[in-house]
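Asker: pasting the sequence and the predicted model now:
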Amino acid sequence: MPDYKNIIYEIKDNIGWVTLNRPEKLNAINDEMLRELDEMFVLAEQDLDVKVLVIKGAGRAFSSGQDLSGVGTDEVLPPSPLNKLPSKAVLEAARRRCRRWEYIFNVCKPTIAQVHGQCLGAGMYLALSCDMTIASEDAIFGDPSIRMGILPIFPLLSWLVGVKRADAMLLSGKSVIAKEAERWGLANKVVRNEQLDAEVTRLAKGLSLMHSDALAITKESLHAAMEARGVGPAWRYTSDMELLMQRRTVKSDDFDFEKTRDKLGLKKAIQARDNPFKGLDQ
Amino acid sequence: MPTGFGWWFKTQYQKNQWEAMEYRGREYQQIIYEKLSDRIVRITFNRPERRNALNDQMYNEFQAGLHRANDDPQVRVVIIRGAGPCFGSGHELSSPKGEESPPVHPSLNPTLVDYFGFERRRCGKQDDAQQYPKILISQVHGYCLGASEEIAAISDIVIADEEATFGVRGFTRLPFGISNWPGYWPAESNKYWGGKLAPEISGRQAEEMGTITKAVKKEDLEAEVLKWANALAQLPLEVIAIYKEWLCGTMDMLGMGTSYRTHYGKHHTLQYVRFRPEEVNLYKEKKDSSLKGFIKKRRASATVEDKGGPQRSG
């Protein structure tokens, strides 16, 4: 088993348990964690002993999203529009970012996200790319990317909850509490905090007793139907649009997250980012 | 291209219809255009005595208002609402027969090509407004029916009085594929096809179904809309434009463009419906017993509420 620093990967009773493991950073996803997840998914897909994958977070949250510190985040965050990189490089990076979620969505084994606490940005992309999302009552879903001028790169949301709800979430960056997430279909089931482990374990064990070929074929047929409804092209289109977003003109009165962070620190930058939108969250 | 019948085809090379509607020098008579702040414009449908029914003039002024707000480099959010008792009661059914808003009068007897161009243009107004590069927020109270409901449906954010009424009078929504379409399919298709959608639903029910953003008490409506408008107006203009292009693109992949095409195809098909004697026919009823007579007969024969079907609450 590879020696990972940012995730824990264990296999027990045909279940692959993946724990995002940067609890002191609320499991913020940085480039190193992405690389470890990439490697883990490839290993798990090929491993006949792994019939189902469970992804969860260590500590107080599933994941607070992309690591916004600006250190070791070239892969997980698109470059600032002020950074005039060649279009080819920006587009290739955008494609990698979008394809990662598409790939996880299409992994040939059932995947379960066990969500508690914050599940934001790329953390939400990860949780919703899984086949099933089981959450505890304290879970919060959302994607504040747009507030930083970053295009949300998760078109799948429209397919999952309908365009009106996806638009409200992605256009405003508003968050959604667990109970509402269950009603909307963001989460398959919401249970009490103390029941989350048991509920997910029960589900994973049940799935692990099924024939892995049957699971793979069933998932493939469901995803073929989604593909027919345009999910595949939507990822590709999204990477093109991310390039456009990176090419925009930044005006002097636009909120500049990076500048604010470098001047006031990460915490205050996040506050400045979210303050105008207070009251929209549930 | 001109069709020889006085109507024009909208080709892919032409402007959006709201872009083609001139606002310079225009005096608005049926809408109110206000700048609430540098970044927020409010357009009010202002024919309260007609429950803001959409005739050509009001729709044109609405489109000109969108054009003007888009040309204003400060504006980021456009609020749409109705004056008086409601947001809007749909197409103006008593308009003169040459108008685009109501169904085409059969006596005009257009050729198939004319009619198709006309329908494409009429439905294209909604399609074009949906592609608007700034944020649209609909503030809905009272009736929001038919074509007015479609204006709400193309808005990014819809905040409604929980007692508002969304729907299409005298029809189920099934032939109206795009009314509130974005929320219905595919995520809500079970609700759509499951027969749970009565022709008319309340704001509260619409929120539960995900076809609007939020339902609030009537007294909180304006404050809630302004809260959203003020928050969203903080986003940079280009971020909004690119986001909306992205969202509309993914909606096209979801089938939105095809849905519009199907919709105007269906309008066209309906032109060739031959009514049986017992069926309610707008133009025959208007001729025989006036518009009120038609509405009365339609209510008696075609509204599910009156047949003991699903009731709207509230």
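Answerer: Right, received. Where do you want to start? No experiment lies behind these values; they were computed from the predicted model shown. Numbers count the residues shown, from 1 in each chain, chains lettered A, B, ... in the order given.
Asker: only C-alpha atoms from now on, for both contacts and neighbour counts.
Answerer: OK.
Asker: low-scoring stretches of chain B, by residue?
Answerer: Scanning chain B for pLDDT under 70 picks out the ranges B:1-14, B:102-103, B:106, B:169-199, B:301-314.
Asker: all strands of it, in order?
Answerer: Assigned by DSSP state E, chain B shows strands spanning B:31-35, B:40-45, B:77-82, B:135-140, B:143-145, B:157-161, B:165-167, B:200-202, B:214-216.
Asker: how many other residues sit next to residue 228?
Answerer: Went with chain A since none was named. 12 (other CA atoms under 10 Å in any protein chain shown).
Asker: if you could check chain B rather than the one you did, that'd help
Answerer: By other CA under 10 Å, 22 other residues sit near B:W228.
Asker: highest mean neighbour count out of the strands of chain B?
Answerer: strand B:165-167 (a mean of 30; mean count of other CA atoms under 10 Å in any protein chain shown).
Asker: ok so, going back, export the strands of chain B to JSON lines and tack on distance to A:K278?
Answerer: Shown next, in JSON lines, are the strands of chain B (distance: least, CA to CA, whole Å):
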{"stretch": "strand B:31-35", "distance to A:K278": "23"}
{"stretch": "strand B:40-45", "distance to A:K278": "18"}
{"stretch": "strand B:77-82", "distance to A:K278": "18"}
{"stretch": "strand B:135-140", "distance to A:K278": "18"}
{"stretch": "strand B:143-145", "distance to A:K278": "29"}
{"stretch": "strand B:157-161", "distance to A:K278": "17"}
{"stretch": "strand B:165-167", "distance to A:K278": "29"}
{"stretch": "strand B:200-202", "distance to A:K278": "27"}
{"stretch": "strand B:214-216", "distance to A:K278": "16"}
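Asker: okay, these in a markdown table with distance to chain A next?
Answerer: Below are the strands of chain B laid out as a markdown table (distance: least, CA to the nearest CA, whole Å):
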| stretch | distance to chain A |
| --- | --- |
| strand B:31-35 | 20 |
| strand B:40-45 | 15 |
| strand B:77-82 | 12 |
| strand B:135-140 | 9 |
| strand B:143-145 | 17 |
| strand B:157-161 | 6 |
| strand B:165-167 | 15 |
| strand B:200-202 | 17 |
| strand B:214-216 | 10 |
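Asker: any idea which residue of chain A lies closest to chain B?
Answerer: A:G162 (4.6 Å; CA to the nearest CA).
Asker: run a quick check on that residue versus B:G210, I expect a contact.
Answerer: Yes. Here A:G162 reaches B:G210: they are 7.2 Å apart, a contact under CA atoms under 8 Å.
Asker: longest helix in chain B, please.
Answerer: The longest helix of chain B (DSSP state H) is helix B:282-302.
Asker: CA atoms only: put it into PDB for me.
Answerer: Extracted in PDB, the C-alpha atoms of helix B:282-302 (Å, rounded to 0.1, in the frame of the first residue of the first chain):
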ATOM      1  CA  LEU B 282     -60.900  30.600 -28.100                       C
ATOM      2  CA  TYR B 283     -61.700  32.300 -31.400                       C
ATOM      3  CA  LYS B 284     -65.200  30.800 -31.800                       C
ATOM      4  CA  GLU B 285     -66.100  31.700 -28.200                       C
ATOM      5  CA  LYS B 286     -64.700  35.200 -28.500                       C
ATOM      6  CA  LYS B 287     -66.900  35.700 -31.600                       C
ATOM      7  CA  ASP B 288     -70.000  34.100 -30.000                       C
ATOM      8  CA  SER B 289     -69.700  35.300 -26.400                       C
ATOM      9  CA  SER B 290     -66.700  37.600 -25.900                       C
ATOM     10  CA  LEU B 291     -63.500  36.900 -24.100                       C
ATOM     11  CA  LYS B 292     -65.200  36.600 -20.800                       C
ATOM     12  CA  GLY B 293     -67.500  34.000 -22.200                       C
ATOM     13  CA  PHE B 294     -64.500  32.000 -23.400                       C
ATOM     14  CA  ILE B 295     -62.700  32.200 -20.000                       C
ATOM     15  CA  LYS B 296     -65.900  31.100 -18.200                       C
ATOM     16  CA  LYS B 297     -66.400  28.200 -20.600                       C
ATOM     17  CA  ARG B 298     -62.700  27.200 -20.300                       C
ATOM     18  CA  ARG B 299     -62.900  27.300 -16.600                       C
ATOM     19  CA  ALA B 300     -65.900  25.000 -16.600                       C
ATOM     20  CA  SER B 301     -64.500  22.500 -19.000                       C
ATOM     21  CA  ALA B 302     -60.700  22.400 -18.800                       C
END
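Asker: how about stretch B:257-266 and chain A, touching?
Answerer: No. Under the criterion of CA under 8 Å from any CA of the partner chain, chain A is not reached by stretch B:257-266; the shortest gap measures 12.0 Å.
Asker: which parts of that stretch are buried?
Answerer: For stretch B:257-266, a neighbour-count test (16 or more other CA atoms under 10 Å in any protein chain shown) marks B:S259, B:Y260, B:R261, B:T262, B:H263, B:Y264 as buried.
Asker: now swap in stretch A:244-262 and tell me
Answerer: A:244-248, A:250, A:254-258, A:260-261.
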